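Peer 1: Below are the sequence and a predicted model for it; my questions follow.
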Amino acid sequence: MGEFTVNKELDCKGLLCPMPVVKTKKAMNDLAVGEVLEMISTDPGSMPDMQAWAKQTGHELLEAKDEGNIFRFFIKKTH
Amino acid sequence: MAGSTGNGKPKRLALISSKGTLDWAYPPFILASAAAAMDWEVAIFFTFYGLPLLKKELDAKVSPLGNPAMPMKMPFGSEGFQNINWPMPNILMANIPGFESAATGLMKKMFKNKGVASVEELRDACVEMDVRLIGCQMTMDVFGFTKEEFIDEAEIAGAAAFLAYAAEAEVNLFI
């Protein structure tokens, strides 16, 4: 991963809409402000969904990586 | 916060769920849980055939009968086999005993195989994220439902109460 210190990882591989955003929301509850969640999914729909989710919740999507069959998101809790 | 309307109030989604078959049970719970995950306020008003979706034990079924756009696919076998559509004439479906149960079982299996959450899981997620689940009093009276049959989190109200909520919602959908 490299650039970010990841405080919590969340595996959403194999899950379809809306579970990746639902599980991400729950996982954020366990983080302190400023901490970073790494979420991994296989659903291509999670790419636009996580961008919308970050915009709506105000949490910062530091990076969204498309690695072919795997999508990797780094989200910083902002509030 | 971007998930709010700008004046500090969270965005609001108001859904009407009026159909209780397995296929139609999904959209309200998917949209409600996604919106709640984005910190929106959400309420679903269950009316007419949507009302049984509040029951403690969900028994939603699906029928391809009179539902010509529903793909008839098998959730097992090779990928090629699973992609075959098996259209069946209504007259045939209507006369096979247990056809709906079989179709319901196949749809549940297909959804599970693909990684779609069950309706129960989605409803649980909604409850956990404080989605308001409101049963229609009039439908209860007409079809003879009692509040005891519903999950504890269900509220009961009428059209006016729902509309008062919906009037303050950014997104209103009838499903």
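Peer 2: Done, it's in.
Peer 1: buried stuff in stretch A:60-71?
Peer 2: A:63-64, A:71 (16 or more other CB atoms under 10 Å in any protein chain shown). (Each C-beta comes from the backbone N, C-alpha and C, glycine too.)
Peer 1: residue contacts, the nearest residue to B:Lys11 once chain neighbours are set aside?
Peer 2: Distance criterion CB to CB, 6 or more residues apart in numbering or on different chains; nearest residue to B:Lys11, sequence neighbours excluded, is B:Trp40 at 4.5 Å. Residues counted as contacts of B:Trp40 (CB atoms under 8 Å, 6 or more residues apart in numbering or on different chains) are A:56, B:3, B:10-13.
Peer 1: Repeat the analysis, applying 7 Å as the threshold.
Peer 2: By CB atoms under 7 Å, 6 or more residues apart in numbering or on different chains, the residues touching B:Trp40 are B:3, B:10-13.
Peer 1: What parts of chain A come near chain B?
Peer 2: Chain A comes close to chain B at residues A:14-19, A:21-22, A:25, A:53, A:55-58, A:79, as judged by CB under 7 Å from any CB of the partner chain.
Peer 1: separation between the residue at minimal distance from the centre of chain B and chain A?
Peer 2: What sits nearest the mean C-alpha location of chain B, by CA atoms, centre = their mean, is B:Ala25, with 2.1 Å. B:Ala25 sits at a distance of 14 Å from chain A (criterion: CB to the nearest CB, to the nearest Å).
Peer 1: same question, B:Val62
Peer 2: 18 Å.
Peer 1: where does that residue land in three-state SS?
Peer 2: coil (DSSP: H, G, I helix; E, B strand; the rest coil).
Peer 1: ok, now the one 4 residues further on?
Peer 2: Secondary structure assignment for B:Gly66 (three-state DSSP): coil.
Peer 1: still on that earlier bit, between the buried residues of stretch A:60-71, which is closest to chain B?
Peer 2: Distance to chain B across these (CB to the nearest CB) is lowest for A:Phe71, with 13.8 Å.
Peer 1: Give me the pLDDT value at the closest one.
Peer 2: At A:Phe71, the model reports a pLDDT of 98.
Peer 1: wait, isn't it in contact with A:Ser41?
Peer 2: Yes - with contact defined as CB atoms under 7 Å, A:Phe71 reaches A:Ser41; the gap is 5.0 Å.
Peer 1: still on that earlier bit, hang on, the residue nearest to the centre of chain B in a helix?
Peer 2: Yes - B:Ala25 forms part of a helix when assessed by three-state DSSP.
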